[in-house]
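Asker: here are the coordinates; sequence isn't available:
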């Protein structure tokens, strides 16, 4: 299942900060951030039974804003 979120992850340093939080979620198959997009879109591919709330919680706990796109 693919989800997209608007974030304030806007540079390589931000991506490095959020990487450990996202990589610890076993249900995430892949993720990427489009820092060129004005809305800094985080795209996440989750296992079918996974809940997108785990992504929101992880990004928020890393100190970034996130909302469904």
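Answerer: Everything's here; your move. As the structure is a computational prediction, the values presented were derived from the model and not from experiment. Numbering: from 1, shown residues only.
Asker: where along the chain do the helices fall?
Answerer: 12-23, 53-61 (DSSP state H).
Asker: Among the ones you listed, show me which one is buried the most.
Answerer: helix 53-61 (a mean of 16; mean count of other CB atoms under 10 Å). For glycine as for every other residue, the C-beta is placed from the backbone atoms N, C-alpha and C.
Asker: Can you list the neighbours in contact with that helix?
Answerer: By CB atoms under 8 Å, 6 or more residues apart in numbering, the residues outside helix 53-61 that reach it are 3, 5, 7, 9, 18, 21-22, 24-25, 27-28, 31, 42, 44, 46, 66.
Asker: from these, which would you call buried?
Answerer: Buried residues within these, counting neighbours by 16 or more other CB atoms under 10 Å: 3, 5, 7, 9, 18, 21-22, 25, 27-28, 31, 42, 44, 46, 66.
Asker: Spatially central residue in the chain, please.
Answerer: By CA atoms, centre = their mean, the chain has its centre lying nearest to residue 42, at 4.8 Å.
Asker: Not including adjacent chain positions, what is the nearest residue to the residue lying farthest from the centre of the chain?
Answerer: Here the chain reaches farthest from its C-alpha mean at residue 49, the gap being 17.4 Å by CA atoms, centre = their mean. Computed as CB to CB, 6 or more residues apart in numbering, the closest residue to residue 49 that is not its neighbour in sequence is residue 27, at 7.8 Å.
Asker: Which pLDDT value belongs to that neighbour?
Answerer: In this prediction, residue 27 carries a pLDDT score of 95.
Asker: That one against residue 47, yeah?
Answerer: Yes. Using CB atoms under 8 Å, residue 27 is in contact with residue 47, at 4.7 Å.
Asker: how far away is the residue nearest to residue 49 from residue 39?
Answerer: Noted for residue 27: a distance of 24 Å to residue 39, by CB to CB, to the nearest Å.
Asker: and if you look at residue 6?
Answerer: Residue 6 is 4 Å from residue 39, by CB to CB.
Asker: So the two - more neighbours on which side?
Answerer: The neighbour count for residue 6 versus residue 39, taken as other CB atoms under 10 Å, is higher for residue 6 (16 against 13).
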